[in-house]
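Novice: Quick one, what's the 3D model for this:
(one chain, ligands or ions: 1)
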Amino acid sequence: MAKHILVLHGPNLNMLGVREPGIYGHQTLADIDARLSQLCDEYDAGCSVFQSNHEGELVDRIQAARHDETEFIIINAGAYTHTSIAIRDALAAVGIPFIEVHLSNVYKREPFRHHSYLSDQAVGVIAGLGPAGYEAALRYALDH
Ligand code: DHK
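Specialist: Residues are numbered from 1 along each chain as shown. Next up, the predicted model:
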């Protein structure tokens, strides 16, 4: 059976391309999602993508993953990475393995970005590789 992967994008990632391009680059979220979808097709896998600026909607989508055969989650929770116990708890509740992705190298940035509520629960963490980080995470999820 085809693998099913869920890609989650948190707040402000809908503004990629116009948002602080020196930090987040010039690609839009649609560009990133199109590349991920192409990769999923190459692997004959099923990929769902969801972006929200709202913490509760991200929690709801993670909970829904229990019932839609999601085997792996790739998540860039944006700023919620550094604040959200609710997203951490939702990921723990569903027990689906996940990779945490950040476009920027959060460790080169403000100290408040150095802490993540997700990292110690993640299979792995990728930061600073831009859109290539999502691609690496997706390849890992598809291969394992
Ligand atoms: C994206 C955000 O929106 C920030 O709040 C995080 C992350 C970093 C990123 O690099 O993709 O601190």
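
Novice: Would you map the helices across this structure?
Specialist: For the chain, helices defined by DSSP state H occupy the ranges 21-24, 29-42, 55-64, 85-94, 131-143.

Novice: Of all these, which one is nearest the ligand?
Specialist: helix 21-24 (6.5 Å; Cβ to the nearest ligand atom). Just so you know, the C-beta spots here come from the backbone N, C-alpha and C atoms, and that holds for glycine as well.

Novice: in that closest one, what's buried?
Specialist: Y24 (16 or more other Cβ atoms under 10 Å).

Novice: again, but for stretch 7-22
Specialist: 7-11, 13-14, 16.

Novice: farthest pair in those residues?
Specialist: Spatial extent of these (Cβ to Cβ) is set by the pair V7 and P11 at 15.2 Å.

Novice: sorry, back to before: which of the buried residues of stretch 7-22 come close to the ligand?
Specialist: When contact is defined as Cβ under 6 Å from any ligand atom, those do not meet the ligand at all.

Novice: The ligand contacts on this protein?
Specialist: If contacts are counted using Cβ under 6 Å from any ligand atom, the residues of the chain sitting beside the ligand are 12, 76, 78-79, 81, 102-104, 106, 113.

Novice: among those residues, which ones are buried?
Specialist: Of the members of these, the ones counted as buried by neighbours, 16+ other Cβ under 10 Å, are 76, 78, 81, 102-104, 106, 113.

Novice: quick one on the thing from earlier: please narrow the residues of the chain next to the ligand to those residing in strands.
Specialist: Counting by DSSP state E, the part of those found in strands is 76, 102.

Novice: thinking again about what came up before, ok, which of the helices of the chain comes nearest S119?
Specialist: Proximity to S119 (Cβ to Cβ) singles out helix 85-94 among these, at 9.7 Å.

Novice: Taking helix 55-64 as reference, get the angle to that closest one.
Specialist: Following axes from the mean of the first three to the mean of the last three Cα atoms, to 10 degrees, one obtains 10 degrees for the angle between helix 85-94 and helix 55-64.

Novice: who touches helix 85-94?
Specialist: With contact meaning Cβ atoms under 8 Å, 6 or more residues apart in numbering, helix 85-94 is reached by 55-56, 58-59, 62-63, 65-66, 73, 75, 77, 80, 98, 117-118, 121.

Novice: ok, back up a step: could the helices of the chain go into a markdown table alongside mean pLDDT?
Specialist: Rendered in a markdown table, the data for the helices of the chain read as follows (pLDDT from 0 to 100):
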| stretch | mean pLDDT |
| --- | --- |
| helix 21-24 | 96 |
| helix 29-42 | 97 |
| helix 55-64 | 98 |
| helix 85-94 | 98 |
| helix 131-143 | 97 |
